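Student: I need the structure of the sequence given here:
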Amino acid sequence: MPTVLGLTNDTKTRTSSSSSPNPEGKKKQQPFTGSKNSSMGGKGRLDTISKRNHAAAIEVETLLWRALCDDPKKAKEYLAEDCIMINPLFSGTSEPMGKETDPSIEEILEGNEPWAAFKFHGDPLVVEIDLMAVALCYKVSLFRQSKKGGLREVVATVSSSWRQTAGADWLLCAQHVAYADDDAEE
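Tutor: Residues are numbered from 1 along each chain as shown. I've put the predicted structure just below:
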């Protein structure tokens, strides 16, 4: 019988079309486990909630930075109503920001210039906090046009926490961004 995830708990087996015939000319029997195309990002099957949460965490973090590079005002759609953050790259200060602070996160995003590009240093580390919550830690390079021409690179470390809504959207709850130590650069 198929389950919610498209997998089966039947003990029956199906013939795999990609398996090679055995010496007797019969195809090998393999248990049916759903579609081979059930993965995101080409990094293997996302056949558990945990794997999907880890993939979704990296995906939404990437979408947030893309929005900050295109139009920072559009990044507000990724923020939870009660989102808090410390982000000197946007506010120019290491003071905590939230909905009620002066200036608020929304005011900071509305008045911020977009970044030209971003690049993660390696894969972000992801931890599943709960069934519907994840946290990430990573190092990122952000690029802006410099006044002298060319791109200016800013390297930062980031820690983000996301929670999933009942509608399956992921919203940023908290983020802490700090300038990375220049001496530690690769």
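Student: what's the domain layout of this protein?
Tutor: 1-34, 49-184 (automatic domain parsing).
Student: quick one: mean pLDDT over the first one.
Tutor: Domain 1-34 shows a mean pLDDT of 42.
Student: if we can go back for a sec, deepest in the core, which of the domains of the chain is it.
Tutor: Highest mean neighbour count of these: domain 49-184, a mean of 15 (counted as mean count of other Cβ atoms under 10 Å). In this view, the C-beta of every residue, glycine as well, is placed from N, C-alpha and C.
Student: centre of the chain to it, how far?
Tutor: 10 Å (Cα atoms, centre = their mean, to the nearest Å).
Student: pick out the shakiest of the domains of the chain, pLDDT-wise.
Tutor: Looking at the domains of the chain, the bottom one is domain 1-34 with a mean of 42.
Student: tell me how far the residue nearest the centre of the chain lies from residue 167.
Tutor: Centroid check for the chain by Cα atoms, centre = their mean gives residue 58 as the closest residue, at 2.0 Å. Counting by Cβ to Cβ, to the nearest Å, the separation of residue 58 from residue 167 is 20 Å.
Student: quick one: the strands in this protein?
Tutor: Secondary structure of the chain by DSSP state E: the strands cover 13-15, 29-31, 79-86, 117-120, 125-130, 133-145, 151-164, 170-179.
Student: the fourth one packs against which elements?
Tutor: Packing partners of strand 117-120 (3 or more Cβ pairs under 8 Å, 6 or more residues apart in numbering; DSSP states H and E): helix 49-70, strand 133-145.
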